[in-house]
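A.B. asks: Below are the sequence and a predicted model for it; my questions follow.
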Protein chains: 2
Amino acid sequence: MSGDNSIQRKFYLEDIPLDEAWAAFRAALSEAGRWGPFDTERVPLSAANGRVTAAAVWARLSSPHYHASAMDGYALRAEDTVGAMESAPLRFVLVDAGGHSSADSTTSDVGMPTEHGGASAPRLPRPSAPPPPSAQAVNTGHPLPPWANAVVMIEHVQPVALPDGRAAIEIRAAVPPWNHVRSMGEDMVATELVLPANHRLRPVDLGALAGSGHATVSVYRRPRVAVIPTGSELVPAEAGEPGPGRMIEYNSLVLAAQVEGWGGVATRWPIVPDNLEAIRAAVREAAAGHDLVLLNAGSSAGSEDYTAHVVESLGRLLVHGVAIRPGHPVILGLIARGTATNDKQQTTTGELFTPIIGVPGYPVSAALTGEIFVEPLLARWQGQPVWRPPTLQGVLSRKVVSHTGDDDYVRVVVGQVGERLTVTPISRGAGVITSLVRADGIVRIPRFSEGEDAGATVTVHLYRDPRDIARAIVAIGSHDLTLDLLAQFLAERYEGLRLSSANVGSLGGLVALRRGEAHLAGSHLLDPQTGEYNTSYVQRYLPGQSVKLVMLVGREQGWMVPPGNPKGLRGWADAARADVRLVNRQRGAGTRVLLDYELSRLGIEPAAVRGYEREEYTHLAVAAAVASGAADAGLGIQAAARALKLDFVPLAHEPYELIIPVEHYESELLRPLLDLLSDDSFRAAVAAMPGYDTAAMGQVRTVNPS
Amino acid sequence: MSGDNSIQRKFYLEDIPLDEAWAAFRAALSEAGRWGPFDTERVPLSAANGRVTAAAVWARLSSPHYHASAMDGYALRAEDTVGAMESAPLRFVLVDAGGHSSADSTTSDVGMPTEHGGASAPRLPRPSAPPPPSAQAVNTGHPLPPWANAVVMIEHVQPVALPDGRAAIEIRAAVPPWNHVRSMGEDMVATELVLPANHRLRPVDLGALAGSGHATVSVYRRPRVAVIPTGSELVPAEAGEPGPGRMIEYNSLVLAAQVEGWGGVATRWPIVPDNLEAIRAAVREAAAGHDLVLLNAGSSAGSEDYTAHVVESLGRLLVHGVAIRPGHPVILGLIARGTATNDKQQTTTGELFTPIIGVPGYPVSAALTGEIFVEPLLARWQGQPVWRPPTLQGVLSRKVVSHTGDDDYVRVVVGQVGERLTVTPISRGAGVITSLVRADGIVRIPRFSEGEDAGATVTVHLYRDPRDIARAIVAIGSHDLTLDLLAQFLAERYEGLRLSSANVGSLGGLVALRRGEAHLAGSHLLDPQTGEYNTSYVQRYLPGQSVKLVMLVGREQGWMVPPGNPKGLRGWADAARADVRLVNRQRGAGTRVLLDYELSRLGIEPAAVRGYEREEYTHLAVAAAVASGAADAGLGIQAAARALKLDFVPLAHEPYELIIPVEHYESELLRPLLDLLSDDSFRAAVAAMPGYDTAAMGQVRTVNPS
């Protein structure tokens, strides 16, 4: 923070680097006795799965705790079997558990526990050894008589009756000592280490604990975390549609679910309005009964100041602003919650503190704050290493610019097309929660880096199994609602298969195909020269490549207008009316090409069209602009208009095709998608959307047959 | 199953191959309407984390559902800012939400919701547009007035008072339209696909669902699974130490924890004795209220017959025996539970069935049956793909022999030593649950294979994160209790670091070091020629290699004898007494070398020692043999004797060293272990064990200095 470097000053004026923030937090937590594994508790094994051992566990019992037969058969002395042969079988007199021979002994009940389970089985008197050669019937798991040291399988003996009426068996091969015997302690020997401390218990571990004589186990207590949402503009999700200026509060839902997933117990507070006293009261109450308080600021910039004031007034403000993006307004502190008294000696042992994290209001910032600060803390408190997400290396498809003073957490989608792994940043704001929903992972751009160029190899910290990346069909191009339906049908019908689609317009899709970044591109590009769709563009952008053009759907384009069509739009020429504000699609979108084509046919200059410069990336976004009153009309498809209850003025009918290089067309990965095009229920679902025509669905054209 | 191949007949007589068993089960489940995703239920978002969507979710609301300011600042019309420059600022009259200018308007409260949160905020009247140039104060997240289309940040304006007393601002740069505005629908547009069906909900997904207007979500119901342990020999873990012939029941604990981990809800039945009617009654009751019944056979071979009889008498027996090892006595069937009636029409719609899986009694078989049959079924019922464990390729350190008729599931440990990944089969019976606890993964040997040779590259299906393999110190060699203490201290002190130790005796450890399969070997090998320990063996087994010999501990070897030393053993010569049965250690064990050395000094032939041929692999196993009465004495360390409450007759003092090739000695991985040797609390814990001497702990010798 020295002032001799103006760049540093600029970026460091308020925020401190992530590692310094953590170091300050850690030091304060250590001092307050809140660093390191947490309190322990003893739980029954039936409630212990997934919990973490707080101490090493040593075997109380051996398992088995006696020499047990490993087979149904006969226990005997191995030395008595020496010399037994097929041609010269040896006879063994059957004895019972008392060592006595009998004319009527049976195989299954001799020396066995009674049929009624339970711990109260009587201990058998210790018998004297019978005279050799003797044998005693045993079943699997039952104890060997103390005079025996081997078992011969029931299948390998011949029952015989001796002349004196005693039961006997004949064996025709010698057996070695300890044949078919599970020795005492074969599994575990009393006093052995069963499990170390800090071990997350799995189902088989519970078996080992029970088998070695434990009915309970000492584990770390689950940390209790209070989640307090603040903001006068917020309403709970249960309250239904919010009024203007109101927003649905869901950060507390996300943070609480994160906490539970990381082993904590979360308590969600009701929404607290932006009122210093109300927030202070909530924090004080939460700190008294929890191990950690997450205070989520509202979306207004001033609301973080409330957090800082509250922390300062109730304890110690350690960090105000961390140099990470998104998420920089993070606040770290400690809340005093009174003075500890050592019960036994009635002496004061120091002040108690509960750590508090001020979580920024934007949802992406809030979720990443959970990952960056809350997860490591909960892991530490439970004696666990911080979970490291799986990573992979991929190639950036676009340049990423980063603030040099910040650690940047860039959300990305990853597409595997052939052998190539393409990493595409999702360039959306911290308010766009769907950017995290869609993200396959995060690329971290460290401090002092200005970013990465397109083509750079980067490490992605994945949100999903790396193998799922290969099970995604990557569609980049024009957006159509039919793609959402395709995604839905694929997910329902084909386990683990995803459609990952990015909407960059038809031309953008062809560029992505050329770069090998997508398996297919939705496209509806009109060639103004030929009046034909897509063909000439494919020839130009994918020259010489063998490509399939698969008809997905025919659809109507037209003006989307407010209900009742208040400005009375009727044709293309209305685009130039002085009283009509349009909203446009981005350059490269098929709908934009169509508009430009029709405008030029009518000799209308773009400059004459009001709102021509306002670009949106999807039909629905255009519809939303009209529905909000920001524009009077936009060109788009009927389904998007209907979805937002707009009126629709049809202007043109166009084909929407999937452009698929032949190597992907013929791949196993795309087969389910192509199969769906001839599926009756999928076609019916598409046809049910207004303005869609499925007559030609699935028809295939080929450019440059291979 | 044709009879023309005698090998096939031999193996297929009873068991059917795994794929055929699954096909039969699947077909019967389909016919019974129990295949495919399960019933659904609607849950609040706060209870939805980790659940799986049963239907696609479409946005009900747009988010934001209005044009929102993305900054604290002033809303205005972008077109009014054209021409603003540093040298020529433009003035904007401040207006309130009604469009009226005022002499006393303030920044923070104009047009905002009241400070009291909640859904009942009054809708503001729609104002008329104020005359340009006007600006209205807005905070982040607050709605843009309908006449505005841009926001200028508060930091970039200069407040001024006009001569007539009205408040105004000056701006010094033009802003583009939609500057600092979050457009309606920027995150989600109403009717858009938010999440597809069959999607496992993550915390951020809950945010997207809430933000798009959902307070609940339709998910698959969690399958209800009954777990019924049977066996008259079983006692619950809570009952304390079991009597002879009794065993602690823990398979139901393992199976229930597995079920919960795979998304089901498990109900554990009390132990049912081996009684056909009792088992039948339990199964009938369980089938009526559950989606799946797991009937766990007792350990006796006959107890599987109970399962088969019960299934046959209550429904359909589909499969009796599957050709997998371990686990082949698996039983698959359906239990009838009455007749379904369609509520609406009061018509019979067919018989209802509950699937049942007869789970073998041996714990390893039981746990693997869970993984092979239960997990895929629960995944299917919840619309999820079967979880595929991570895999890695490694080199087998030992030959694996497999039955040609069976799919073999071989438990293995995997050690990374340098770049080499060594896969070592754990050759323990299906009764040894600790073999699964210790296993790093499973190698599957398919049917028709007779196994794999040492040196073969095999695929391991891992039970742990592949990256954890590299965080294990591999110790192969002699066993000592100090190694267990080392493992415990490492786990407690160093996050994620494990000591993976295999007990193969001192010589086995040197062989493992030579093959590059271990980082270190515990060794106490006496050279009969020199009377020195370890050095000459290291020179012989690791010729020319630079090796460190690190003193771990000095310890006493002696006779472990029953309490009171009933046979009165005193010296080495007692080994040859006719009334003394010894238990021995395996060839290559340092303790065995010591015994052989002393016997030869006394001129005693091994054949003269009773029990010489009975070999155990650890001190504790030898102690267990003495404790069980199977032997009168065994050579071992005092701590092992004490652990099993045996008496100890000291005979010799020996050093126990860690043999460590210099490249591992100097590696980061081993540093924590070596540091522990000078740690006071570790030394104290070792010294507290009887017969241990820590005076020389940590002393280092070097063979072949590099």
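C.D. replies: Structure received.
A.B. asks: What strand or helix carries residue A:566?
C.D. replies: Counting by DSSP states H and E, there is no helix or strand that carries residue A:566.
A.B. asks: just residue A:333 next, same as before
C.D. replies: Since the elements are taken from DSSP H and E, residue A:333 ends up inside strand A:331-342.
A.B. asks: And residue A:279, by the same measure?
C.D. replies: Applying DSSP H and E as the criterion places residue A:279 in helix A:276-289.
A.B. asks: Could I get the average pLDDT for the strand holding residue A:333?
C.D. replies: The pLDDT scores in strand A:331-342 average 79.
A.B. asks: bridging residues for residue A:69?
C.D. replies: Residue A:69 forms beta bridges with residue A:181, as assigned by DSSP bridges.
A.B. asks: ok, it to residue A:138 distance?
C.D. replies: Between residue A:69 and residue A:138 the computed distance is 4 Å (C-beta to C-beta, to the nearest Å). (Glycine included, C-beta is placed from N, CA and C.)
A.B. asks: Pull up the overlap in contacts between those two.
C.D. replies: Shared contacts of residue A:69 and residue A:138, defined by C-beta atoms under 8 Å, 6 or more residues apart in numbering or on different chains, comprise A:75, A:144, A:151.
A.B. asks: Which of those sits closest to residue A:333?
C.D. replies: Comparing the shared contacts of residue A:69 and residue A:138 against residue A:333 with C-beta to C-beta places residue A:144 closest, at 65.7 Å.
A.B. asks: Identify the residues contacting the closest one.
C.D. replies: With contact set as C-beta under 8 Å, 6+ apart, residue A:144 has these partners: A:66, A:67, A:68, A:69, A:75, A:138, A:151, A:181.
A.B. asks: Show me the shaky parts of chain A.
C.D. replies: A:1-14, A:102-128, A:299-304, A:339-350 (pLDDT under 70).
A.B. asks: hang on, residue A:258 in a strand?
C.D. replies: No: counting by DSSP: H, G, I helix; E, B strand; the rest coil, residue A:258 is not part of a strand but helix.
A.B. asks: more crowded one of residue A:69 and residue A:138?
C.D. replies: Set residue A:69 next to residue A:138 and count neighbours by other C-beta atoms under 10 Å in any protein chain shown: residue A:138 wins out with 31 against 26.
A.B. asks: so who does the more buried one touch?
C.D. replies: A:69, A:72, A:73, A:74, A:75, A:111, A:144, A:151 are the contacts of residue A:138 under C-beta under 8 Å, 6+ apart.
A.B. asks: Next, count neighbours for the residue lying closest to residue A:567 once chain neighbours are set aside.
C.D. replies: Using C-beta to C-beta, 6 or more residues apart in numbering or on different chains and skipping residues adjacent in sequence, the residue nearest residue A:567 is residue A:632, 5.2 Å away. Counted with other C-beta under 10 Å, residues neighbouring residue A:632 total 24.
A.B. asks: before we move on, back to that, what is the helix holding residue A:279 packed up against?
C.D. replies: The contact analysis (3 or more C-beta pairs under 8 Å, 6 or more residues apart in numbering or on different chains; DSSP states H and E) places helix A:276-289 against strand A:224-229, strand A:292-296, helix A:303-314, strand A:331-342, strand A:347-359.
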